[in-house]
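*Asks:* Structural data only, the sequence is not supplied:
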């Protein structure tokens, strides 16, 4: 599923990285605990989180995530946005709850990191 399709499906706003909308996203991981993301995350995944600070961007960079989707309308601070832009990590935000966003994405065929093993 292309990042643009995710954006459209979840009525998401692009915070940065609009030039990455054609990127293919094959799997996702949803968590507010970055320790879980570090343990379960895989390169190329979409990170879905409500943790809107620079730590989410640092974690995404470490695991080589393709993008971060913030739920519940959250947006990272300027430090997080600047780091994401520097690391070429697209950031999106949606007003959906994490449960709703994951359900919609799963229903449309996006795999979880566990399904991708």
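*Replies:* Noted; the coordinates are in hand. Quick caveat: nothing in here was measured; it's all calculated off a predicted structure. Numbers count the residues shown, from 1 in each chain.
*Asks:* element containing the residue most central in space within the chain?
*Replies:* For the chain, the residue nearest the mean C-alpha position is residue 68 (2.4 Å; CA atoms, centre = their mean). Applying DSSP states H and E as the criterion places residue 68 in strand 67-70.
*Asks:* which residues are in contact with that strand?
*Replies:* With CB atoms under 8 Å, 6 or more residues apart in numbering as the test, strand 67-70 has contacts from 3, 6, 10, 12, 15, 17, 20, 23, 25, 46-50, 52, 56-57, 60, 76, 84, 89-94, 101. For every residue, glycine as well, the C-beta is placed using N, CA and C.
*Asks:* Can you list which of those residues are found in strands?
*Replies:* Of those, the ones assigned to strands by DSSP state E are 15, 46, 47, 48, 49, 91, 92, 93.
*Asks:* just those now: which is nearest residue 29?
*Replies:* residue 47 (6.1 Å; CB to CB).
*Asks:* residue contacts, that closest one?
*Replies:* Contacts for residue 47 (CB under 8 Å, 6+ apart) come out as 28-30, 37, 41, 56, 59-60, 63, 65, 67-69.
*Asks:* give me that answer again for 10 Å
*Replies:* For residue 47, the contacting residues are 28-31, 34, 37, 41, 56-57, 59-60, 63, 65-70, 89, 91, 113, by CB atoms under 10 Å, 6 or more residues apart in numbering.
*Asks:* Give me the contacts around the helix or strand of the chain with the lowest mean pLDDT.
*Replies:* Within the chain, no helix or strand scores below strand 111-112, which has a mean of 93 by mean pLDDT, DSSP states H and E. Identification of contacts with strand 111-112 by CB under 10 Å, 6+ apart yields 1, 25-30, 40, 45, 102, 105-106, 117.
*Asks:* if you set the cut-off to 8 Å instead, what comes out?
*Replies:* 26, 27, 28, 29, 106.
*Asks:* Return the per-residue confidence for the residue nearest to the centre of the chain.
*Replies:* pLDDT, residue 68: 98.
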